[in-house]
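Trainee: pasting a predicted model and its sequence here:
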Amino acid sequence: KAGVTQTPRYLIKTRGQQVTLSCSPISGHRSVSWYQQTPGQGLQFLFEYFSETQRNKGNFPGRFSGRQFSNSRSEMNVSTLELGDSALYLCASSPGTPANYGYTFGSGTRLTVV
Amino acid sequence: SQQGEEDPQALSIQEGENATMNCSYKTSINNLQWYRQNSGRGLVHLILIRSNEREKHSGRLRVTLDTSKKSSSLLITASRAADTASYFCATANFGNEKLTFGTGTRLTIIP
């Protein structure tokens, strides 16, 4: 079956712009989580959605937001981009609670802010 | 913030040797999971060990968990060039659905 699909794979944006990243989970997976990965901070949890509801949220500013649609597809949005937002953004899906089932990750979206 | 910390940060060994990496964490956990990440790609789930388990095997992988020391180890036996990757532990706390990842060990297998 198809894995977790993230689009786009690469993105270059200018400071102050906004960006939307997309994630299609594995069919049947209702939980979708987002992580930011940088060399300095490692993997940082952004948020998790389950059945269209945000179930968990990390310690990121309000510029970072997300949503999940009825087909479990998810988007995350970053507004007013800063240079420090340059990172690999990873989406991961799980059939239920990630803590119990683990994640299947997508290949990520590499965002560069210039 | 990181819950787990892997040790060593980087490890280089000859192909065919065994590789051991360790993970220490701070608070009580429900389970601990290990993931592999090839350069610039997504993470791949390797193994999950529950807090009431002490050891688990999957192919060439062996994971141990010592809850009294709040530590886990991942052993890869008979390493191959394809095992070159970063390895992360991730912990799940009771009552919290999310996973918190450690800092990772960068493993290089020398052919």
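Mentor: Now that the structure is in, tell me what you want to look at. Residues are numbered from 1 along each chain as shown, chains lettered A, B, ... in the order given.

Trainee: pull the contacting residues for B:Ile109.
Mentor: Neighbouring residues of B:Ile109 by C-beta atoms under 8 Å, 6 or more residues apart in numbering or on different chains: B:Ser12, B:Ile13, B:Gln14, B:Glu15, B:Ala19, B:Ser79, B:Arg80, B:Ala81, B:Ala82, B:Asp83, B:Thr84. C-beta: built from backbone N, CA, C; applies to glycine.

Trainee: any weak-confidence spans in the chain?
Mentor: I'll assume chain A. A:1 (pLDDT under 70).

Trainee: please go with chain B instead
Mentor: Residue ranges of chain B with pLDDT under 70: B:1-3.

Trainee: for the closest residue to A:Phe105 other than its chain neighbours, give its distance to A:Glu75.
Mentor: Distances taken as C-beta to C-beta, 6 or more residues apart in numbering or on different chains put B:Gly42 closest to A:Phe105, at 3.4 Å, once the chain neighbours are dropped. Counting by C-beta to C-beta, to the nearest Å, the gap from B:Gly42 to A:Glu75 is 18 Å.

Trainee: between the two, tell me which one has more neighbours.
Mentor: B:Gly42 (22 against 17; other C-beta atoms under 10 Å in any protein chain shown).

Trainee: re earlier: contact partners for the residue nearest to A:Phe105?
Mentor: A:Val4, A:Leu90, A:Ala92, A:Phe105, A:Gly106, A:Ser107, A:Gly108.

Trainee: how about 10 Å then?
Mentor: A:3-4, A:6, A:35, A:37, A:88, A:90-92, A:103-108, B:35 (C-beta atoms under 10 Å, 6 or more residues apart in numbering or on different chains).

Trainee: which one (most neighbours) among those residues?
Mentor: Going by other C-beta under 10 Å, A:Cys91 tops the contacts of B:Gly42 with 30 neighbours.

Trainee: who does that residue form a beta bridge with?
Mentor: Per DSSP bridges, residues listed as beta-bridge partners of A:Cys91: A:Trp34.

Trainee: what's the distance between the residue sitting nearest the centre point of chain A and A:Ser86?
Mentor: Compute the mean C-alpha point of chain A, and by C-alpha atoms, centre = their mean the closest residue is A:Trp34, 3.2 Å away. In this view, A:Trp34 and A:Ser86 are 16 Å apart by C-beta to C-beta.

Trainee: kindly report the same for B:Arg62.
Mentor: When B:Arg62 is compared with A:Ser86 (using C-beta to C-beta), they lie 37 Å apart.

Trainee: how about the residues of chain A by chain B?
Mentor: A:3-4, A:6, A:31, A:33, A:35, A:37, A:41-48, A:50, A:55-59, A:88, A:90-92, A:94, A:96-108, A:110 (C-beta under 10 Å from any C-beta of the partner chain).
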